[in-house]
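Enquirer: For reference, the sequence and a predicted model appear below.
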Amino acid sequence: MKAAAEAVLADPATEWEECGTWVSDGPAVLMDSAEAGAELDVEYPDGGMPAQAPVPLSAGRWRVRAVHTEADDENWVGLVQLLPAGS
């Protein structure tokens with residue numbers, strides 16, 4: 001799946017949707033949108049923890065864009081890209 005995502009990122013024909021600007025005070029956490037941020041460290045009743053991944057992000061203004069597209073015959077990918085607001 002990583003190769004499929006990288007192919008979409010490298011393709012100049014990728015049709016990105018502009019999603020606005022985000023001001024960050026530093027590192028962030030990528031999480032499932034079905035979870036409340038306050039519940040990221042709360043174990044599920046049946047065990048296990050909510051999925052999350054650190055995003056090493058510098059403080060600043062970021063341009064946000066996203067795409068959900070078919071990468072190849074077998075894979076669809078959904079990507080969110082953060083670019084410095086001046087890019």
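Expert: Sure, I can see it. Worth saying up front: this structure is predicted, and the values here are computed from it rather than measured. Numbering: from 1, shown residues only.

Enquirer: Show residues contacting the longest strand seen in the chain.
Expert: Taking DSSP state E as the criterion, the chain has its longest strand at strand 60-70. Residues outside strand 60-70 that contact it (C-beta atoms under 8 Å, 6 or more residues apart in numbering): 8, 14-24, 76-85, 87. Heads up, the C-betas are built off the backbone N, CA and C, glycines and all.

Enquirer: Buried ones from these, can you make that a PyMOL selection?
Expert: Filtering those down to the buried ones (16 or more other C-beta atoms under 10 Å) takes a single PyMOL command:
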select buried, resi 8+77+79+82
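
Enquirer: Look up phi and psi at residue 8.
Expert: Backbone geometry at residue 8, expressed as degrees, to the nearest 10, gives phi -70, psi -40.

Enquirer: do the same with residue 4
Expert: phi -60, psi -40.

Enquirer: count of residues packed around it?
Expert: Here the count is done by other C-beta atoms under 10 Å, and residue 4 has 17 residues near it.
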